[in-house]
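Trainee: using only what follows, build the 3D model:
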Amino acid sequence: MGALIRWGIIALVAVTATAQVHENVTVELIEVPVYVFGPDGKPVRGLTKENFELRVDRRQQPIEYFDAMDFGVATTSAPSQQPRTQRERRLYLLLFDQLYSLPTRLARAQRAAEYVVEHSNRASDLFAVATYTSNKGVQFATPFICDRAALRRAIETLSVSTARDPFHVAMSAAERMTWDEKENDLGLIKTGKFDSEVEETIRGGAANQDALAEQSKQSIEDQLADYADLAQRLSQLEGQKHVLLFSEGFDSTKIHGGNNPVPVDLRSGGGLDARSFRVLDQTFQKFRSAGVFLDAVDIAGLHHDPSKPYDNDSLQFLAHGTGGEFVHNRNDFANAVTELTESQQVVYLLAFNRRDARAGSIDVRVHGIPRGSRVSFRQGFGKASRSTDVDPLQLADILINDVPQSGINIRLTASASELAVQLPTDEIVPQLVDKTPDVETILYVFDSNGSAVFGGEKTIKFTAAEREKKDPIVLRRRIDLPAGHYVAKAIARIAGTTSLGFARTEFTVP
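Mentor: Numbering: from 1, shown residues only. Reported below is the predicted structural model:
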């Protein structure tokens, strides 16, 4: 049975609030992830700080911090096991380009993505699923999670769950049984109707089909701008961040002119497009500023036509412009993507002190590695800035992955029949923004396997009368769950600010 839907709000009387509001202290360090691939494509292990030379804006820079992280451990770790720190994890966004991809090829990419998820390390690897369409841009089906059933559902359907929980990851017991079925050797759950159902979802109606046929400069620029916005959203998350783009790529000749970069006349076509190049460069800058790599997988497979010398190089320069990898000329997508993630198992993390608030370029040289090795690294950083809001992806990350917060000291209690979240009025009121005097509270319950079984949210508007109250506000939620051990988690956010509170508690339903 699911949890009941009624919320109750009461004022808690005779409670002395002793919590204090703490300010976050930001250390001005720029982190530079570096991947070193040997001649065989496998990661080079065993390097030390002395092997690396770091340059910022072409000037040699001292390495203030160094760490070597190896994610190539056994993949049988318990789901509850968490990395020691937030940076010691890999975040892979599985991004399916529905604009420049044929449905049959995208379906094969979904199989590959599901295979990689099933064989990943639950202790360190988190995945999110998103799609790109011309009318909706980048749309997330899930935030970064390790829940295999929720990820299977998102990958197969490429759509947001109909569940009403804020992050679309909660599942009923019956639904979870469907998606928890044993997969076959390609990671598929239901092979009988997989292709037809997925293709129907991918088609997205006549409007999306019209967009597939329109490979104009404007649609390409819109896609690049949307990818730049995506990178900005990911900038708030900690970890080794990769966008794994499954696509056939757009027509890059509309940007660089192909064989005719300087057209003779208007009828000849071609021509380098300065505006499109600016949009492309801005996209690269956003990825570098966010510390995100874009790894592109050409899902067209072995299709290259000698008469089209620029076919698919859009994916190549998207990947290389962000420091990412380009997978092409492969039909075995599952093996290809597995090899890609395995090659990224070892990351060397360098860090340096920012000298000023300006953006800059980064160059890394590695000494003492085998001849024929290749190096990939973060190629730049953005201007120093302070965010004034919190992205939903960050909220999901905080709640799902237990990231401590100190903006608001909320309390959470739980029993077999009720959850209660206490909001400290005396801490909240001084931080309220006049235009949006609201506090949003998100509440989830996870079972002993780490799967979300309930999710809900409630927004409290602080009117003038509410601001005068001194006693904390308590939100109560009745629940009805099967017997078992659970973890309840709550997060509260003051609208228009970055002030957050997080709490968790364990309870048992007898």
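Trainee: I'd say residue 105 and residue 249 touch.
Mentor: No. With contacts counted by C-beta atoms under 8 Å, residue 105 stays clear of residue 249, the gap being 11.5 Å. Yep, even glycine has a C-beta here, placed from its N, CA and C like the rest.
Trainee: would you map out the domains in this structure?
Mentor: Following automatic domain parsing, one gets these domains for the chain: 7-24+406-509, 29-381.
Trainee: related to what we said a few turns ago, ok, residue 105 and residue 249, which is more surrounded?
Mentor: Under the criterion of other C-beta atoms under 10 Å, the comparison of residue 105 against residue 249 puts residue 249 first, with 22 against 18.
Trainee: so who does the more buried one touch?
Mentor: Residue 249 sits next to 100, 296, 298, 300, 312, 313, 314, 315, 318 when contact means C-beta atoms under 8 Å, 6 or more residues apart in numbering.
Trainee: could the domains of the chain be laid out in JSON lines, adding mean pLDDT and distance to residue 390?
Mentor: Output for the domains of the chain, formatted as JSON lines (pLDDT from 0 to 100; distance: least, C-beta to C-beta, whole Å):
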{"stretch": "domain 7-24+406-509", "mean pLDDT": "85", "distance to residue 390": "6"}
{"stretch": "domain 29-381", "mean pLDDT": "83", "distance to residue 390": "7"}
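Trainee: present the ones you listed as CSV; the columns should include distance to residue 393.
Mentor: As requested, the domains of the chain are exported to CSV (distance: least, C-beta to C-beta, whole Å):
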stretch, distance to residue 393
domain 7-24+406-509, 13
domain 29-381, 6
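Trainee: ok, which of these comes nearest residue 394?
Mentor: domain 29-381 (4.4 Å; C-beta to C-beta).
Trainee: where do the helices sit along the stretch 251-400 of the chain?
Mentor: In order along the chain, the stretch 251-400 of the chain carries the following helices (DSSP state H, counting those that start in this stretch): 253-256, 274-290, 313-320, 333-343, 392-400.
Trainee: on that earlier part again, closest to residue 389 out of the domains of the chain?
Mentor: Ranking these by proximity to residue 389 (C-beta to C-beta) places domain 7-24+406-509 first, at 6.9 Å.
Trainee: and the next element down the chain from the helix or strand where residue 35 lies?
Mentor: Element membership of residue 35, judged by DSSP states H and E, is strand 29-37. Heading C-terminal from strand 29-37, the first helix or strand you meet, by DSSP H and E, is strand 52-56.
Trainee: so who does the nearest residue to residue 57 once chain neighbours are set aside touch?
Mentor: Once its chain neighbours are removed from consideration, residue 57 has its nearest residue in residue 360; the separation is 4.7 Å (C-beta to C-beta, 6 or more residues apart in numbering). With contacts defined as C-beta under 8 Å, 6+ apart, residue 360 is in contact with 56, 57, 380, 381.
Trainee: and the first one, what is it in contact with?
Mentor: Okay, so that is residue 56. Residues counted as contacts of residue 56 (C-beta under 8 Å, 6+ apart) are 352, 355, 360, 361, 362, 363.
Trainee: and if we set it to 6 Å?
Mentor: 360, 362 (C-beta atoms under 6 Å, 6 or more residues apart in numbering).
Trainee: how near is it to residue 363?
Mentor: As defined by C-beta to C-beta, to the nearest Å, residue 56 lies at a distance of 8 Å from residue 363.
Trainee: please apply the same query to the last one.
Mentor: From residue 381 over to residue 363 the distance is 12 Å, taken as C-beta to C-beta.
Trainee: more neighbours: which of those two?
Mentor: Comparing residue 381 with residue 363 by other C-beta under 10 Å, the one with more neighbours is residue 381, at 22 against 17.
Trainee: give me the beta-bridge partners of the spatially closest residue to that one that is not a sequence neighbour?
Mentor: Leaving out its chain neighbours, the residue that sits closest to residue 381 by C-beta to C-beta, 6+ apart is residue 30, at 4.9 Å. For residue 30, the beta-bridge partners are residue 352 (DSSP bridges).
Trainee: show me the strands in the stretch 151-300 of the chain, by range?
Mentor: Taking DSSP state E, counting those that start in this stretch, the strands of the stretch 151-300 of the chain run over residues 240-247, 292-298.
Trainee: rebuild these as CSV, extending it with mean neighbour count.
Mentor: Below are the strands of the stretch 151-300 of the chain laid out as CSV (neighbours: other C-beta atoms under 10 Å):
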stretch, mean neighbour count
strand 240-247, 25
strand 292-298, 27
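Trainee: of the helices of the stretch 251-400 of the chain, which approaches residue 140 most closely?
Mentor: With distances scored as C-beta to C-beta, the stretch of the helices of the stretch 251-400 of the chain nearest to residue 140 is helix 392-400 (7.3 Å).
Trainee: report the buried residues of the closest one.
Mentor: Buried residues in helix 392-400, defined by neighbour count with 16 or more other C-beta atoms under 10 Å: 393, 394, 395, 396, 397, 398, 399, 400.
Trainee: from the residues you listed, which one has the minimum pLDDT?
Mentor: In terms of pLDDT, the lowest of the buried residues of helix 392-400 is residue 400, showing 89.
Trainee: and that residue, what does it touch?
Mentor: With contacts taken as C-beta under 6 Å, 6+ apart, residue 400 has the following neighbours: residue 145.
Trainee: residues in contact with residue 239?
Mentor: Applying C-beta under 6 Å, 6+ apart, we find residue 239 in contact with 86, 87, 89, 91.
Trainee: number of nearby residues for the second one?
Mentor: For residue 87, the count of nearby residues is 15 (other C-beta under 10 Å).
Trainee: again, but for the first one
Mentor: Here the neighbour count serves as a burial measure; for residue 86 (other C-beta under 10 Å) it reads 14.
Trainee: against residue 504, how distant is it?
Mentor: Distance of residue 86 to residue 504, computed by C-beta to C-beta: 16 Å.
Trainee: same check on residue 237?
Mentor: As judged by C-beta to C-beta, residue 237 and residue 504 stand 19 Å apart.
Trainee: between the two, which has more neighbouring residues?
Mentor: Neighbours were tallied for residue 237 and for residue 504 using other C-beta under 10 Å; the higher tally belongs to residue 237 (26 against 16).
Trainee: so who does the residue nearest to the spatial centre of the chain touch?
Mentor: Taking C-alpha atoms, centre = their mean as the criterion, residue 93 is the residue nearest the geometric centre of the chain, at 4.8 Å. In this structure, residue 93 makes contact with 128, 243, judged by C-beta under 6 Å, 6+ apart.
Trainee: so it bridges to which residues?
Mentor: Residue 93 forms beta bridges with residue 128, residue 243, as assigned by DSSP bridges.
Trainee: cool, and residue 43?
Mentor: Note on residue 43: beta-bridge partners residue 37, judged by DSSP bridges.
Trainee: would you agree it is in contact with residue 344?
Mentor: No. Contact between residue 43 and residue 344 fails when scored by C-beta atoms under 6 Å: they sit 7.2 Å apart.
Trainee: for those two, indicate the residue with more neighbours.
Mentor: Neighbours per residue, other C-beta under 10 Å: of residue 43 and residue 344, the larger number sits with residue 344, 23 against 20.
Trainee: how much space separates that one from residue 483?
Mentor: Shown here: residue 344 relative to residue 483, a distance of 42 Å by C-beta to C-beta.
Trainee: with residue 447 instead?
Mentor: Counting by C-beta to C-beta - residue 447 and residue 483 are separated by 11 Å.
Trainee: out of those two, which sits in the busier spot?
Mentor: residue 447 (17 against 8).
Trainee: that one contacts residue 454, correct?
Mentor: No. Using C-beta under 6 Å as the test, residue 447 is too far from residue 454 to be in contact (9.6 Å).
Trainee: surely residue 381 is in contact with residue 31?
Mentor: No. With contact defined as C-beta under 6 Å, residue 381 does not count as touching residue 31 (9.1 Å).
Trainee: which residues are common contacts for the two?
Mentor: By C-beta under 6 Å, 6+ apart, residue 381 and residue 31 have no common neighbours.
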